[in-house]
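> Pasted the sequence and its predicted model underneath.
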2 protein chains.
Amino acid sequence: MDGHIGRVSGPARVAEPGEGIGLEELALAARNHGLPLEAMRDDVTPPGLHYVLTHYDIPAAAAEGWELTVNGLVRTPLTLGTNALRSFPAVTHRVTMECAGNGRARLSPRPVSQPWLVEAVGTADWTGVPLRVLLAEAGPAADAVEAVFTGADHGIERGVEQDYQRSLPLAVATGDDPDVLVAYEMNGCPLPPQHGYPLRLVVPGWYGMAQVKWLRDIDVTATPFTGFQQAVAYRYRQSADEPGEAVTRIAPRALMIPPGFPDFMSRARVLRPGRVLLEGRAWSGRAPVTAVEVSTDDGRSWRAAEVDPPGEHAWAWRRWRTWWNAAPGRYVLSVRAGDAEGHVQPLTQPWNRGGFGNNAVQRIPVLCLPPD
Amino acid sequence: MDGHIGRVSGPARVAEPGEGIGLEELALAARNHGLPLEAMRDDVTPPGLHYVLTHYDIPAAAAEGWELTVNGLVRTPLTLGTNALRSFPAVTHRVTMECAGNGRARLSPRPVSQPWLVEAVGTADWTGVPLRVLLAEAGPAADAVEAVFTGADHGIERGVEQDYQRSLPLAVATGDDPDVLVAYEMNGCPLPPQHGYPLRLVVPGWYGMAQVKWLRDIDVTATPFTGFQQAVAYRYRQSADEPGEAVTRIAPRALMIPPGFPDFMSRARVLRPGRVLLEGRAWSGRAPVTAVEVSTDDGRSWRAAEVDPPGEHAWAWRRWRTWWNAAPGRYVLSVRAGDAEGHVQPLTQPWNRGGFGNNAVQRIPVLCLPPD
C-alpha cells in the first residue's frame, strides 16, 4: 500500500466527548439519505425515499455490455449479460433493507462514519434471478464454502484501495428461504443508479452491507473471505484490536410515523388534542415480528399495538397501528418490536465501536397544544 | 400564536465559533439530500439523485381528487383537477434547480439550518402547463401585482404555523421567457412524492424556495405578499433586525465531478498520474454562463475550460471540460463560472445571516499517487 494514501485515508475513530458532527460526516450525510419517516405510509418505498448508502462513487454503468461473471470453484464458469439474466424465470421479493449503521449518530461516544439517526431503512419490490439458480448452473465444487461478490464501486477505506466486496456462506447463497436475488428491477423499473444499476445482490433479512450493488463478479471459494468489508469493517467490536463478530441479520425494529406536523428546524412534532392514529412499520431480519408496543410516556408504560398479519411478504416490514387520546401537554412517544426469537428493542443501546446493529427505541417528542 | 409553540420552535440562530453540526441539523441532512456530484455526468438527473429539500413533511397526496384553485383578483376563479391541467397543451422545460442555502454549512459563523455543503442542485425535464396560460384563463384584474402560491405542506417555523407559501411578481408569473410551469411530470413520469406530487411550481432561474411543491392554490393579490417565507425567511441580511433583500435568482456556479476515486470517510480524491479529464456543469439563473475556468493550484492560477453551447435548454446547466496532466503530488482543484452580467464566483463567500446565495468556488483536495 502506498504510504501517501494514509494522508487522505485515516484509521477508524470515535468522536471525542461533546464533539459535534464534523464536515466529513456531513459530506456523507449530504450524499446518502434516509427514509423520510412519513414515507412509511406506503407499503413500497419509491427511489429517492428509500435509504441509500454508497461507500464510494456511483459507478458510470450501462446495462448494454455489462457482464456478470461466476468464477472460482465451479464446474462451469459463467459470463452473463443482463439479457441473459432476464431469460431466467423472474422472481420478485418485497424486502425491507436497513443500513447496519442505522442509529450510529446517537451513540455515545459516536463512531465517526455515516451519521445515521434512525431513518436508514426502506422497502422495495426487487425482481431478478435467484442466486441459487445461477450457482446451480455453474455447479459449485464439493469443497466450496463461500461466494464472494464484487461490485464496480471503487475507493479507499482506512488506507485500503478496493472494489467493494462481501461474501456469503454458500448455504445462504444457495438457500431458498429466503431466495438471495441477483436483481435488475426495483419496484418494476430498472434499478436506479444509486441502487446498483444494472445489477445488485438482494439478501433478504441481512443488513445493507450484504446487498452488493453494481454486481459484476461472483467468486466461489474454498476458504472464508477475509477482505476489508468482511474482516475489518462490519464487525461487532468493543475495541479496535479484537476480531469481533460478523454483522449479519437485521435486529428487530419498529418505527412510528411522527404524528402531527413538524417544526422545520427541530423536527419536533406539534398536534391538537383528540384521537390521534399512531402508526408505522416493524421488521426483523432474524425471526418474524411477534409484538409491537407503544409508549406515550417516554417508555415508562407500554401497550400493545395492532400488527398486520405477515401475509405473503415474509421479508418486508409490517404495518402496526394504535389510537391515542392526546390531551394538551408534552410527551415522548416510542414504539418497540419483539420477534419470535425473543429479541426486543432496548431502551438504551449497547455500544459497539463501529456503531452497528443499533435498534434502540425511537423517541419522538410531541407537543399537544391546548384546544383552538 | 399559542405560547407553547415557542417551546419547540425557536428563533433563527448562528452557530457559536467551533460549534459542530448538531443533531437537529443532522436530522435535516438525513431527510434531505444533495446531488452525488458524479451524477453530473447525466444531462438530466433521476429522482433520488436530484437534490431535495422539504420544509415540513411530504404530504400524503393523491392525484385523484387533487384540486388547484386560482383565486383572488381574477375575473374567473378556476378549480382544476389534474386531468383538466393535462387537457392544456403540455410544455417541457429542462431546468437546473438549486437550493438558496447551498453552501451554508461552510460559512463562518454557520447559520443553523439545513447544512448544505455544495451539492444542493439537480436538473430535470419538467412538464406541465405554463402559468401564464392559467392566469390568462382566470383574467387577473388591472391592479393585481402578485400571485401567491400555497402548497399542502404544513408546519411551524420560528413559532409561525403555516402552509408553505411563496409569491411571484405578476410580471414573472405571466412571463414567457422563461415560462413558469405548473408541472405534473418530472423526466417524463408523474412527479415523485418528494418533488411535489401531484403538482408543483417550476420557476426557471430561481432558487428552490420559489418552486412551491404540492401546489393547491394560486391567489392573485393587489399587494405584495408578506408571509413568512417571503418577508421573514429567504432574505439577504447581515443582522436579524433588518428587512433585508429578497432572495430570487440563482447566482452563477460551476461544479466539478471529483476525479479519481474517493476515500470513504474523508471523500478526498485519489488518482494515478497521467491525463485526467476534468469535467462538470455550470449554470446561472441571472444570465447565460459565458466562461468557465479551472484551477489545479487552489485558485492561484486559472485557465479556460471548454463549455458546451447553450443549445435549446437555456435554463439548464451546461457541460464544461478540460484536460489535466496529473503528476504525483497533492492538489486542490477548483472551477468557477462567470455569466453575461459579469457575475463571477467568489473565492471567499460574502456572509449573510440566512446563509443564502452562496456560490464560493468548490475546492477538491486530490492526491495523485506515484506511478504503479
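Nice, thanks for sending it over.
> list the contacts for A:Pro46?
Neighbour list for A:Pro46: A:Ala39, A:Asn187, B:Pro47, B:Pro192, B:Pro193 [criterion: CB atoms under 8 Å, 6 or more residues apart in numbering or on different chains]. For glycine as for every other residue, the C-beta is placed from the backbone atoms N, C-alpha and C.
> The last one and B:Ile58 touch, don't they?
Yes: using CB atoms under 8 Å, B:Pro193 is in contact with B:Ile58, at 5.2 Å.
> Need the residues touching each of these two.
A:Ala39, A:Leu49.
> Spell out which parts of the stretch 251-372 of chain A neighbour chain B.
A:258, A:261-270, A:330, A:365, A:367, A:369-370 (CB under 8 Å from any CB of the partner chain).
> any chance you could map the strands in the stretch 101-250 of chain A?
A:121-130, A:146-157, A:160-169, A:181-186, A:189-190, A:200-202, A:215-221, A:235-236, A:245-246 (DSSP state E, counting those that start in this stretch).
> filter the residues of the stretch 251-372 of chain A next to chain B to the buried ones?
Those of those that meet the buried threshold are A:258, A:261-270, A:365, A:367, A:369, by 16 or more other CB atoms under 10 Å in any protein chain shown.
> right, and the pair among these with maximum separation?
In these, two members sit farther apart than any others by CB to CB. They are A:Met265 and A:Leu369, at 18.3 Å.
> Of the contacts of A:Pro46, which is the nearest to B:Thr221?
Proximity to B:Thr221 was ranked across those by CB to CB; first place goes to B:Pro193, at 29.4 Å.
> Find the closest residue to chain B in chain A.
Closest approach between chain A and chain B, counting by CB to the nearest CB: A:Gly20, at 1.5 Å.
> Which pLDDT does the model give the spatially closest residue to A:Phe264 that is not a sequence neighbour?
Spatial nearest neighbour of A:Phe264, chain neighbours left out: B:Glu157 (4.4 Å); criterion: CB to CB, 6 or more residues apart in numbering or on different chains. Looking at B:Glu157, its pLDDT is 96.
> same question, A:His4
Turning to A:His4, the model gives it a pLDDT of 69.
> Distance of A:Val118 relative to A:Gln194?
Note on A:Val118: its distance to A:Gln194, by CB to CB, to the nearest Å, is 20 Å.
> Repeat that for A:Asp176.
The value you get for A:Asp176 to A:Gln194, if CB to CB is used, is 29 Å.
> which of these two has more neighbours?
Using other CB atoms under 10 Å in any protein chain shown, the more surrounded residue of A:Asp176 and A:Gln194 is A:Gln194, with 23 against 9.
> What residues sit buried inside stretch A:93-112?
Within stretch A:93-112, the residues that qualify as buried by neighbour count (16+ other CB under 10 Å) are A:93-107, A:110-112.
> cool, stretch A:127-143 as well?
In terms of neighbour count (16+ other CB under 10 Å), stretch A:127-143 has its buried residues at A:Thr127, A:Gly128, A:Val129, A:Pro130, A:Leu131, A:Arg132, A:Val133, A:Leu134, A:Leu135, A:Ala138, A:Pro140.
> quick revisit: possible to save the strands of the stretch 101-250 of chain A as a markdown table with distance to B:Thr223?
Shown next, in a markdown table, are the strands of the stretch 101-250 of chain A (distance: least, CB to CB, whole Å):
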| stretch | distance to B:Thr223 |
| --- | --- |
| strand A:121-130 | 45 |
| strand A:146-157 | 54 |
| strand A:160-169 | 57 |
| strand A:181-186 | 48 |
| strand A:189-190 | 47 |
| strand A:200-202 | 54 |
| strand A:215-221 | 59 |
| strand A:235-236 | 62 |
| strand A:245-246 | 65 |
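> quick one, phi psi at the closest residue to A:Ala304 other than its chain neighbours?
Of all residues not flanking A:Ala304 in the chain, A:Glu293 sits nearest, at 5.8 Å (CB to CB, 6+ apart). The phi/psi pair for A:Glu293 (degrees, to the nearest 10) reads phi -120, psi 150.
> Tell me the bridge partners for A:Glu293.
A:Ala304, A:Arg336 (DSSP bridges).
> From what I see, A:Thr51 and A:Leu37 are in contact.
Heads up, residue A:51 is Tyr, not Thr. No: with contact defined as CB under 8 Å, A:Tyr51 and A:Leu37 do not form a contacting pair (11.2 Å).
> For those two, list the residues in contact with both.
Shared contacts of A:Tyr51 and A:Leu37, defined by CB under 8 Å, 6+ apart, comprise A:Glu119.
> least confident pick among the contacts of A:Pro46?
For those, the model is least confident at B:Pro47; its pLDDT is 87.
> For the buried residues of stretch A:127-143, name the two members farthest from one another.
So for these, where distance means CB to CB, the most widely separated pair is A:Thr127 and A:Pro140, at 24.5 Å.
> Could you tell me which residues make contact with the residue positioned nearest the centre of chain A?
Geometric centre of chain A, nearest residue: A:Glu98, 2.0 Å, by CA atoms, centre = their mean. Applying CB under 8 Å, 6+ apart, one finds that A:Glu98 lies in contact with A:Tyr51, A:Ala120, A:Val121, A:Tyr207, A:Gly208, A:Ile250, A:Arg253, A:Trp283, A:Gly285.
> how about 10 Å then?
Neighbour list for A:Glu98: A:35, A:51, A:116, A:119-123, A:206-208, A:250-251, A:253, A:283, A:285, A:317, A:357, A:359 [criterion: CB atoms under 10 Å, 6 or more residues apart in numbering or on different chains].
> Over to A:Ala29?
Applying CB under 10 Å, 6+ apart, we find A:Ala29 in contact with A:21, A:105, A:114-117, B:21, B:25-34, B:115, B:117.
> Low-confidence stretches in chain A?
Residues of chain A that meet the criterion pLDDT under 70 lie in A:1-4.
> Domains in it, by residue range?
Using automatic domain parsing, the domains assigned to chain A come out as A:3-246, A:253-368.
> Can you tell me how far A:Ala231 is from A:Leu199?
Distance from A:Ala231 to A:Leu199, by CB to CB: 25 Å.
> Helices - which of the buried residues of stretch A:93-112 land there?
Judged by DSSP state H, helices contain none of the buried residues of stretch A:93-112.
> Can you give me every residue that contacts the residue nearest to A:Ala304?
With CB under 10 Å, 6+ apart, A:Glu293 has these contacts: A:254, A:299, A:301-305, A:320, A:322, A:334-338, A:344-345, A:361.
> let's see 8 Å
Counting by CB under 8 Å, 6+ apart, A:Glu293 touches A:Trp302, A:Arg303, A:Ala304, A:Ala305, A:Val335, A:Arg336, A:Gly338.
> repeat for A:Ala287
A:Asp339, A:Ala340, A:Glu341, A:His343.
> Tell me if I'm right that the first one and A:Ser284 touch.
Yes: counting by CB under 8 Å, a contact exists between A:Asp339 and A:Ser284, whose distance comes to 4.0 Å.
> For chain A, just list every one of the helices.
Taking DSSP H as the criterion, chain A carries its helices at A:23-31, A:82-86, A:131-138, A:170-173.
> now do the same end-to-end measure for stretch A:175-190.
Taking CA to CA, to the nearest Å, stretch A:175-190 runs 25 Å from one end to the other.
> now check that stretch, is it near chain B?
No: Stretch A:175-190 is not in contact with chain B by CB under 8 Å from any CB; minimum separation 9.1 Å.
> Which positions in that stretch come out as buried?
A:Gly175, A:Pro178, A:Asp179, A:Val180, A:Leu181, A:Val182, A:Ala183, A:Tyr184, A:Glu185, A:Met186, A:Asn187.
> How about stretch A:345-363?
Result for stretch A:345-363 [16+ other CB under 10 Å]: buried residues A:345, A:349, A:352-363.
> Residues in contact with it: which ones?
A:12, A:14, A:100-104, A:106-111, A:113, A:118, A:207, A:233-240, A:247, A:251-256, A:298-299, A:332-338.
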